[in-house]
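Q: Compute the structure for the input listed below.
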Amino acid sequence: MTPSLPDILVGNFLCMIDPPPPEQQGEFMAGKVAVVALLSLLAAQEAERGIAARVTENAAIQALLEEVAGDYALEAVAGTEDLSLAALDAANARLRQALIGLHEAVEAKGDTARHHAILRLYARMADLRRLDMPPLPGR
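A: Have a look, this model is predicted:
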C-alpha cells in the first residue's frame with residue numbers, strides 16, 4: 001500500500017492531537033515527534049512536486065503506449081484532465097497496468113530497442129517521484 005499525501009497528513013495530525021500519557025514521555029516522545037517531522041518534510045516535497053511529476057509521468061507513459069500501438073495490440077488507455085491527486089493517481093494506475101502489459105509483450109517478442117526504451121522510462125519515472133531525505137542526526 002502506498003499512502004496518499006492526505007493519508008500521511010491526517011496520520012500526522014492524529015499522532016499529535018492527543019496529549020501523550022506519562023509513559024510516552026522522554027525518548028519515546030522524541031522519536032514520535034522525529035517520525036512525524038520526517039513524514040511532514042517528505043509530504044511537503046510531495047505536495048510541491050507531486051502534481052507535476054504525475055502529469056509528466058502520465059504523459060510519458062501515454063506517449064510510449066501510443067507510439068507502439070501499431071506494433072502491439074494495445075487498447076487505448078484514458079488519461080485525465082483533472083489535476084487532483086486522486087484523479088491523476090487513478091489515471092496513473094491504468095497507464096502503469098497498460099505499460100506492464102506492454103513490457104511483458106515486448107520481452108516475449110524479444111524487442112530489445114523497446115525494452116530499453118521502457119527501462120529508460122522506468123528510470124525517469126523513479127527520478128520524477130524521488131523524495132530527498134535530510135541528513136539525520138545520529139544517536
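
Q: number of nearby residues for Val55?
A: When neighbours are counted by other C-beta atoms under 10 Å, Val55 registers 17. C-beta coordinates here come from the backbone N, C-alpha and C atoms, glycine included.

Q: and the residue nearest to it when sequence neighbours are not counted, how far is that from Pro21?
A: In space, and not counting its chain neighbours, Val55 is closest to Leu88: 6.8 Å by C-beta to C-beta, 6 or more residues apart in numbering. Taking C-beta to C-beta, to the nearest Å as the measure, Leu88 falls 40 Å from Pro21.

Q: ok, those two, which is more surrounded?
A: Comparing Leu88 with Pro21 by other C-beta under 10 Å, the one with more neighbours is Leu88, at 20 against 7.

Q: Asn58 is in contact with the more buried one, correct?
A: Yes - distance between Leu88 and Asn58: 6.6 Å, which falls inside the contact criterion (C-beta atoms under 8 Å).
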